[in-house]
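Visitor: Sharing a model that was predicted from the sequence below.
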Amino acid sequence: MGVIYHQDINGCIAREPGTTRLSDHAFEDVLKDCSPALNRLREAYENNELPLLHLPNAGGQLSTAVKLADKIRCRAGQVVVLGTGGSSLGGRTLAALAEDPRGGPGAPQIHFFDNIDPHSLDRLLDRLDLRSTVFITISKSGKTTSTIGQFLICLTAVSKLVGEAALTEHFIVITEPGNNPLREYATRLSLRILDHDPDISGRFSVLSLVGQLPAMIVGIDSKAVLAGSQAVLKSTLEARQPRDSEPACGAALAVALAKKHGVTVNVLMPYCDRLESFALWHRQLFAESLGKNGFGITPINALGTVDQHSQLQLYLDGPPDKMFTFITTDTLGLGKRLEFSLADDPTVDGLYGHAIGDLMAAEYQATAQALIDKGRPVRRFHLDSLTEETLGALLMHFMLEVILAADLLGLNAFDQPAVEHGKSLARHYLGKFK
């Protein structure tokens, strides 16, 4: 398999003093520290201590999901995924790649409902044909109160229409084995239950059936996603030195910028609407994995060109505490051409005759260069095209990058101890409302 994406970090390396970019020496120092981290990653892989790293080779385990997805595609008009955080963002990221995630020929329309705003939930249930809707409820722990709340409300609404005995045709639950409230409800009602691997946290579950089942339903090629992710994993595991691993270079870059220059904000800005959900997925991945023990690299999701008109002033003229990661695809010559006579007006000089994709490419180049001219660290990812394979590669890249960055910082990338107190308080306050 050839190069799936290209990562260019030259815009993060200083050629002159007085910027927040890194010197070659500073980058090389942290890159050397990645060697032990890479060795520990290899050991974890070989000892099967990180099951998420074996998901790219677990295509056979998804065979049940493939059959289930085909069944749902044939009989459902609508699919609603109930869940939040990693239980929603992975599937949403993959499904966004579909030609028509809103439901094309032979595919149901899919909705990812991840909040508990009563107004929004009421509106969703009012506009759905519940008799032809399938609900996929996802919670790793089976204890996520917001997801259980969604689940129970939807159960009640559907049960009133079709009766309790028919709920098995409308509800699927994904949760970890063992005793938990969601699994107990599903068992009591004889609903279809799929196991969520207890050793894979939600934000790392995109390559499991948590992300893959919703994606398959809208026609995403799960094997291609896994192939792309496997290619990146393989190259990192086989890297003779950190410089040979793109995720290791990315991890070293982020950690060095944070430690040397106080650059603790990472803006991810794809110039592609289909990667908007990917930026949200990345935000959770980095926030929950690295925000610990008083340290954190704060992820910001943005979208080009939209956020040039809402955030770029801050990025260029605000505090120099941000690293910028752009993701682009080849857009030159793509889309409709600007041929209307007004496009030849002097006030819009240069538009006439160009494809809209040309304008997208020019806007990206201008934004990146303006930031570089201001001394801001800029990293660029380029994809020839956005496919299942290239998206799978990006997903694995950033999962490995955050794992290696956490290792460099002495953090556990896989826990989130601080949020447990908030969950306990939510239960406490809910009890007071009775």
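Guide: Great, that's in hand.
Visitor: contact partners of stretch 422-434?
Guide: Under the contact criterion CB atoms under 8 Å, 6 or more residues apart in numbering, stretch 422-434 has outside partners residue 145. Where you see a C-beta, it was placed from the backbone N, CA and C, and this is true even at glycine.
Visitor: actually stretch 163-181, not the one I typed
Guide: Contacts of stretch 163-181 (CB under 8 Å, 6+ apart): 68, 87, 130, 133-143, 148, 151, 154-155, 158-159, 162, 182-183, 185-186, 189-198, 209-210, 213.
Visitor: what comes up buried for that stretch?
Guide: 167, 170-176, 180-181 (16 or more other CB atoms under 10 Å).
Visitor: quick one on the thing from earlier: can I get the buried part of the contacts of stretch 163-181 as one PyMOL selection?
Guide: In PyMOL, a selection of the buried entries from the contacts of stretch 163-181 looks like this (16+ other CB under 10 Å):
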select buried, resi 68+87+130+133+134+135+136+137+138+139+140+141+142+148+151+154+155+158+159+182+183+185+186+191+193+194+196+197+209+210+213
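Visitor: Filter the contacts of stretch 163-181 down to the ones in helices?
Guide: Taking DSSP state H, the ones among the contacts of stretch 163-181 that sit in helices are 68, 87, 148, 151, 154-155, 158-159, 162, 182-183, 185-186, 209-210, 213.
Visitor: Excluding chain neighbours, give the residue nearest to residue 204 in space.
Guide: Closest residue in space to residue 204, ignoring its immediate chain neighbours: residue 52 at 4.6 Å, by CB to CB, 6 or more residues apart in numbering.
Visitor: and that neighbour, how far is that from residue 44?
Guide: Distance from residue 52 to residue 44, counting by CB to CB, to the nearest Å: 10 Å.
Visitor: Neighbour count for these two, which is higher?
Guide: Per other CB atoms under 10 Å, whichever of residue 52 and residue 44 has more neighbours is residue 52, with 22 against 15.
Visitor: right, and that one touches residue 203 too?
Guide: No. The pair residue 52 and residue 203 fails to qualify as a contact (CB atoms under 8 Å) at a distance of 9.9 Å.
Visitor: what about the strands in the protein?
Guide: Counting by DSSP state E, the chain has strands at residues 6-8, 78-82, 109-113, 133-138, 171-175, 192-195, 265-270, 298-301, 322-329, 378-383.
Visitor: how near is residue 153 to residue 137?
Guide: Remark: distance between residue 153 and residue 137 (CB to CB) = 11 Å.
Visitor: cool, and residue 109?
Guide: 18 Å.
Visitor: Show me the chain divided up by domain.
Guide: 6-43+224-409, 55-220 (automatic domain parsing).
Visitor: In TSV: those, plus mean pLDDT.
Guide: Shown next, in TSV, are those (pLDDT from 0 to 100):
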stretch	mean pLDDT
domain 6-43+224-409	94
domain 55-220	93
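Visitor: For this protein, which segments are assigned as helices?
Guide: Under DSSP H, the chain gives helices at 24-46, 63-75, 86-95, 118-127, 145-162, 181-188, 209-217, 222-237, 246-261, 276-290, 312-317, 356-373, 388-409, 419-432.
Visitor: okay, the angle between the fourth one and strand 109-113?
Guide: Angle between the axes of helix 118-127 and strand 109-113 is 160 degrees (criterion: axes from the mean of the first three to the mean of the last three CA atoms, to 10 degrees).
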